[in-house]
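Undergrad: below: sequence and its predicted model.
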Amino acid sequence: MAVAASKPEVSIKQNDEHPMSDSSLTLWCRVRGYPAPTITWFKDEKQLNANDRISTNPDGELTIKGLRAGDNGMYTCEASNELGVDRKQVVISVQEPVTQAPGKAIGMSCLVLYMITL
């Protein structure tokens, strides 16, 4: 049975919507297409290269260990084959933990939205 050729279609999933500093984040690039597309990851439009904190695999998984503010940005998964290219993006914003020195006050504010129905 022959498989029909098709251009790539990309979707991205992530394990944490609000990643914290010093934690790990995994993004999964789910790709459909035939022949099997080649997957490439970018951060802020620059191709990502693996290092001691960042790893990728051919199945589209991107893992970043020891998150820090410098990891904030737009991550793009690009899939390509001879029939075309597709890409999806996700913005990552690393959250810093709230710290308080012993004996010092910490101020916090919140916005409360409500609706009154008469």
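TA: Yep, that arrived. Everything quoted here is computed from the prediction, not taken from an experiment. Numbering: from 1, shown residues only.

Undergrad: what segments of the chain are helices?
TA: Using DSSP state H, no helices are found in the chain.

Undergrad: can you give me the strands in it?
TA: Under the criterion DSSP state E, the chain contains strands at 6-14, 25-34, 38-43, 46-47, 54-56, 61-64, 73-81, 84-92.

Undergrad: identify the residues contacting the fourth one?
TA: When you say that, I think you mean strand 46-47. Residues outside strand 46-47 that contact it (CB atoms under 8 Å, 6 or more residues apart in numbering): 40-41. In this view, the C-beta of every residue, glycine as well, is placed from N, C-alpha and C.

Undergrad: start at 26 instead
TA: Okay, residue one is now 26; in that scheme the one you just asked about reads as strand 71-72.

Undergrad: mean confidence for it?
TA: Regarding strand 71-72, the rounded mean pLDDT is 97.

Undergrad: same check on the last one?
TA: Along strand 109-117, the predicted confidence averages to a pLDDT of 96.

Undergrad: the inter-axis angle of it versus strand 50-59?
TA: Interaxial angle, strand 109-117 versus strand 50-59 (axes from the mean of the first three to the mean of the last three CA atoms, to 10 degrees): 170 degrees.

Undergrad: for strand 109-117, packing partners?
TA: Counting contacts by 3 or more CB pairs under 8 Å, 6 or more residues apart in numbering; DSSP states H and E, strand 109-117 is packed against strand 31-39, strand 50-59, strand 98-106.

Undergrad: turn the strands of the chain into a markdown table, including distance to residue 127 and mean neighbour count.
TA: Formatted as a markdown table, these follow (distance: least, CB to CB, whole Å; neighbours: other CB atoms under 10 Å):
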| stretch | distance to residue 127 | mean neighbour count |
| --- | --- | --- |
| strand 31-39 | 35 | 16 |
| strand 50-59 | 31 | 18 |
| strand 63-68 | 38 | 18 |
| strand 71-72 | 42 | 10 |
| strand 79-81 | 36 | 16 |
| strand 86-89 | 32 | 19 |
| strand 98-106 | 35 | 19 |
| strand 109-117 | 32 | 15 |
